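*Asks:* what follows is a predicted structure for the sequence shown.
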Amino acid sequence: MTILVTGATGTVGRLVVEELLAAGQQVRALTRNPAKAGLPEGVEVVAGDLAEPASVAAAFEGVTAVHFINFAGDDYAPLPDGARLVELAVKEGVRRATVLGGREDGALEQALAATDIEWTLLHPVEFMSNTLRWWAHTVRTEGVIKEPFGRRLSALVHERDIAAVAATVLVEGGHGGRTYTLTGPEAITLKEKVAILGASIGQDVEFVELTVEEARAKWAADGMGEETIEFLVGALGDTPEVGYTVVPTVREVTGRDARSFAQWAEENADAFRA
């Protein structure tokens, strides 16, 4: 079987490709820029943009399963025509599909639900990999993290566990019609996260807890727009229960325990060292 991975050069997409290759699958990877994909040998890399369904029609030829993302572009904008993408999948006889970040009310997701495709929605909570984006430069240059809501709990999940679940679902089947929330093995506070990271890189990382107004000012200085800032204040200041409730999905689907943040920090320690 040939499995199509959309968003194949993204944080999770790359790992889905690797997991499928390790499982002995034929992988076709969709990316907007194949020349810069840098994917493993043996992967069939094809060009296309999910925001333009006509550009990806050929990518579905001969495919039996698809890993979808439900956004397009670097700004994570909603897919403009998710239903058309599903039409292409149906036309080519796709039997299984996963959707990263899947929402029951999304156009892509609703279109899948109306077909005979065995679909599964993957709903990860906070990605451990966001730590690189938000903290790596500051830890390297200042040795300090300045954030609000130090006691905020998160059951953050390793990106490779997300990929492992996706690959297992696509290869094995039997998960149709389900929405899987994906978490790590524990819920930790922001302060605990800083301490774990410091221990992994072998240096003290100071934590300075900002007030909400200080955080707003910091994020504005970092170039964030007002809408994004207010989203963060709401999401971080009042994290929904699903964001800090540990669930055993990774073990139930893959047969092994979810990776901890301490494991992730050890794997990525060099990115935080000065």
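*Replies:* Right, received. Where do you want to start?
*Asks:* pull the contacting residues for H158.
*Replies:* H158 makes contact with 128, 184, 258-261, 263-264, according to C-beta atoms under 8 Å, 6 or more residues apart in numbering. All C-beta atoms are positioned from the backbone trio N, CA, C, and that covers glycine.
*Asks:* ok, now which ones touch the residue lying closest to it once chain neighbours are set aside?
*Replies:* In space, H158 comes closest to R259 once its chain neighbours are excluded; the distance is 4.0 Å by C-beta to C-beta, 6 or more residues apart in numbering. Going by C-beta under 8 Å, 6+ apart, R259 touches 158, 160-161, 184-185.
*Asks:* go again using 7 Å as the cut-off
*Replies:* 158, 160-161, 184 (C-beta atoms under 7 Å, 6 or more residues apart in numbering).
*Asks:* filter those to the buried ones?
*Replies:* 158, 160-161, 184 (16 or more other C-beta atoms under 10 Å).
*Asks:* what segments of this protein are strands?
*Replies:* Per DSSP state E, the chain carries strands over the ranges 2-5, 26-31, 44-47, 65-69, 71-72, 77-78, 96-100, 118-124, 144-147, 153-154, 178-182, 188-189, 206-209.
*Asks:* residues near I188, how many?
*Replies:* 20 (other C-beta atoms under 10 Å).
*Asks:* that one and A262 touch, don't they?
*Replies:* No: look at I188 against A262 with C-beta atoms under 7 Å: they stay out of range, at 9.4 Å.
*Asks:* if we can go back for a sec, could I get the strands of the chain as CSV with mean pLDDT and distance to W134?
*Replies:* Formatted as CSV, those follow (pLDDT from 0 to 100; distance: least, C-beta to C-beta, whole Å):
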stretch, mean pLDDT, distance to W134
strand 2-5, 98, 26
strand 26-31, 97, 25
strand 44-47, 97, 30
strand 65-69, 97, 21
strand 71-72, 82, 19
strand 77-78, 80, 21
strand 96-100, 97, 20
strand 118-124, 97, 16
strand 144-147, 96, 8
strand 153-154, 97, 13
strand 178-182, 97, 20
strand 188-189, 98, 15
strand 206-209, 97, 13
